[in-house]
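> dropping a prediction and its sequence here:
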Amino acid sequence: MQIDNLDARILLALDADPDAGVLTLSRVLGISRNTIGARMRRMTPALAAPSSRVRPEALGHPMLAFVAMTLRQPDRSRAFAALRAIPNVLEIHATTGDFDIIVRVAARDTDDLYRVTNQLLEIHGVERTNTMISMRCETEYRTRPLIGGLATRAE
């Protein structure tokens, strides 16, 4: 599913007012309610789950770390399944370079991070890790600039 400029305008309006309903969006954007409703239903698969909006620090996990990991290639699928089973693992990205994956981890504090990183090392197929603690997030994950560019593009 590809988001077009009308979809992008709807998403920007929702980003500005997450509680806006179809009627409000219709008035703000000057688009029929039926069109808004149909577009929102069509976009559902392209949208992240609402839980991804919850900040880890609000859940008592203010420490973020990135763990670069090298995996034994035959054990990748098994390692991914084990990683997904750990609640502290927020994201897993396959990468190029010296490591196979980068894992974003949330922890309560350094002792909790130590526990989690040891848990990662115990996963079958993990050869080595390199942990980097995030000191401060300078720019949070965002898509609004991309959406804005699409919203202003002519069809």
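Nice, thanks for sending it over.

> residue 125 versus the spatially most central residue of the chain, what's the distance?
Against the mean C-alpha coordinate of the chain, by C-alpha atoms, centre = their mean, the closest residue is residue 52 at 6.0 Å. Counting by C-beta to C-beta, to the nearest Å, the gap from residue 52 to residue 125 is 27 Å. All C-beta atoms are positioned from the backbone trio N, CA, C, and that covers glycine.

> likewise for residue 97?
Counting by C-beta to C-beta, the gap from residue 97 to residue 125 is 19 Å.

> more neighbours, the two?
Ranked by neighbour count (other C-beta atoms under 10 Å), residue 97 and residue 125 place residue 125 first, with 19 against 7.

> residues contacting the more buried one?
By C-beta atoms under 8 Å, 6 or more residues apart in numbering, residue 125 lies in contact with 71-72, 74-76, 78-79, 82.

> one more time with 6 Å
71-72, 75, 78-79 (C-beta atoms under 6 Å, 6 or more residues apart in numbering).

> again, but for residue 82
Going by C-beta under 6 Å, 6+ apart, residue 82 touches residue 123.

> which SS class is residue 31?
Under DSSP: H, G, I helix; E, B strand; the rest coil, the three-state class of residue 31 is coil.

> distance of it from residue 6?
Counting by C-beta to C-beta, the gap from residue 31 to residue 6 is 7 Å.

> swap in residue 33?
From residue 33 over to residue 6 the distance is 14 Å, taken as C-beta to C-beta.
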